[in-house]
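*Asks:* Please find the sequence and the predicted model below.
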Amino acid sequence: MIQASAPGKIILFGEHAVVYGRPAIAAPVSTVQATATVTQAALGGGLLLELPDIGERVPVSGASTQTPLAMVAMLALQALGCEPTPDWTLTVRSTIPVASGLGSGAAAATAIVRALAAAAGTTLSPAQVSALVYESEKLFHGTPSGVDNTVIAYGLPVWFVRGDPPQPFIIAQPFTVVIGDTGIPSPTSITVGDVRRAWQAESARFEGLFDAVGEVVHAARRSIESGDVTPLGALMDQNHSLLQEMGVSSPELDRLCRVARQAGALGAKLSGGGRGGNMIALAQPDAAEQVVAALLRAGAARAFSTLIGS
Ligand code: PMV
C-alpha cells in the first residue's frame, strides 16, 4: 500500500485579480489534508479511482473530462510512462471541505499524482506535480490562474503571478489566521465567470479594481517580509472591500467578517472564489480562540485557526 497526501490552501490576498495578471499571496493549510492510497487490484481491471467521501467509483481508462480527478490520474500515468495501465485501486479521502476556497480539488489531484508516482517507484518535482494538477484545475475552474496547484504542490507560501515561476517568499514572523466557513458551497468557476463577464462589460472599472488589489498585495508582501504583520489586518479589510465591489462577496461572508472584527480580529476578508466558502481573519495568537468561538456562534459551519509560515 502506498500513500501520499497534500494540504489545503488559502489565498491570503489577491484572488480574482490574479486571473488578470496581478499578484496573489497564498499559503498551505496543513490542518486539512487530502490523501491518496494506491493498492494492488485484481489482474486486468486497470486503474480504479475510488472516492468514498462521495460514494463514487470511476474506471480511470474510460474517464471523461467530467471527472477531473480521473483525468489527472490518467495524465499522471502517461507522464510516468505506466503502459499498460497498472491494475491498481486509487482511493482518495479528504478532510478539505469541497467548493469552499480551501483548494480541495487541487489537493486531491496533488495527492493522486504523488501517490501514483510513488507506486511507479519514482518521485516528481514540485514543478512537474504542479503542471499535472493544473490540467485538472482547468477542468474544475475553466480559466484557473494556477495559484492553487502551485501553493499545494510546492507546499510553501507563494508569491504568485500568473505565467511566472512561483517566487520564494519569506515570512519573517509566522502569524495566526482564523478560517471561517460559511458552509455555502460556491463553485469557483461561477464567480470567475461572473467576474469575466463584468470585466468585459466594464473593463476600465474592473482594471482599476484589479490594480487596487495589486497595490494591497504588494503592501501585504512588504509587511509579511518585514515581520511586522499588524498592517495586514487593515489590508485584509481593503482587499475585502475591493472584492465586494467586484460582486463576489455575499451577506454571509460580510457578516462573518464583521463578527470576526468585533471579536478582536485585526481585519478580515473572503478567501478564494467568494459568494460562499471561506473567510479569513488576522488575529493576535491569544485572540484567535475567541474569534473562532464568535464565528461558530454566528453560524459558521466550521472555524479553526492556523499558523501561517511556521
Ligand atoms: O476558490 P479557490 O480557493 O479555488 O480560489 C480561486 C481563486 C481565484 O483567483 C478566484 C481563481 C483563480 O484561478 O485564481
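*Replies:* Cool, got the structure.

*Asks:* from here on, contacts and neighbour counts on C-alpha atoms
*Replies:* Noted.

*Asks:* P7 and I152 touch, don't they?
*Replies:* Yes - between P7 and I152 there is a contact under CA atoms under 8 Å: 6.3 Å.

*Asks:* These two: which has the busier surroundings?
*Replies:* Each of P7 and I152 has its neighbours counted (other CA atoms under 10 Å); I152 has more, 33 against 28.

*Asks:* Tell me the helices and strands packed up against the helix or strand harbouring the more buried one.
*Replies:* Assessed by DSSP states H and E, I152 sits inside helix 147-154. In terms of contacts (3 or more CA pairs under 8 Å, 6 or more residues apart in numbering; DSSP states H and E), helix 147-154 is packed against strand 2-13, strand 24-40, helix 104-119, helix 126-141, strand 158-160.

*Asks:* Out of these, which is the most enclosed?
*Replies:* Mean neighbours per residue, mean count of other CA atoms under 10 Å, is largest over the helices and strands packed on helix 147-154 for helix 104-119, with a mean of 27.

*Asks:* Run the chain-centre distance for it.
*Replies:* Remark: helix 104-119 is offset 15 Å from the chain centroid, using CA atoms, centre = their mean, to the nearest Å.

*Asks:* Flag every residue of the stretch 101-250 of the chain that's near the ligand.
*Replies:* For the stretch 101-250 of the chain, the residues found near the ligand under the criterion CA under 6 Å from any ligand atom are 101-103, 144-147, 188, 192.

*Asks:* Let me know the closest of the residues you listed to L51.
*Replies:* Using CA to CA, G103 is the member of those that lies nearest L51, at 16.7 Å.

*Asks:* what about the closest one, neighbour count?
*Replies:* Using other CA under 10 Å, G103 has 29 other residues around it.

*Asks:* so what's it up against?
*Replies:* The contact partners of G103, taken as CA atoms under 8 Å, 6 or more residues apart in numbering, are 8-10, 96, 148.

*Asks:* could you redo the residues you listed as a markdown table and give each row pLDDT?
*Replies:* Below are those laid out as a markdown table (pLDDT from 0 to 100):
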| residue | pLDDT |
| --- | --- |
| G8 | 95 |
| K9 | 94 |
| I10 | 95 |
| I96 | 91 |
| D148 | 90 |
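
*Asks:* Surely V58 and E50 touch.
*Replies:* Yes - counting by CA under 8 Å, E50 is a contact partner of V58 at 6.5 Å.

*Asks:* who has more neighbours, the two?
*Replies:* Just comparing V58 and E50: by other CA under 10 Å the higher neighbour count belongs to E50, 21 against 17.

*Asks:* Now the helix or strand harbouring the more buried one: average pLDDT?
*Replies:* In this assignment (DSSP H and E), E50 forms part of strand 48-51. Here strand 48-51 scores 94 as its mean pLDDT.

*Asks:* List the buried residues of the helix or strand A204 falls within.
*Replies:* Taking DSSP H and E as the definition, one finds A204 inside helix 203-226. Using 16 or more other CA atoms under 10 Å as the test for burial, helix 203-226 gives 206, 209-218, 220-224.

*Asks:* on contacts alone, who are the packing partners of it?
*Replies:* Judged by 3+ CA pairs under 8 Å, 6+ apart, helix 203-226 is in contact with strand 2-13, strand 24-40, helix 188-201, helix 231-246.

*Asks:* No more questions from me, cheers.
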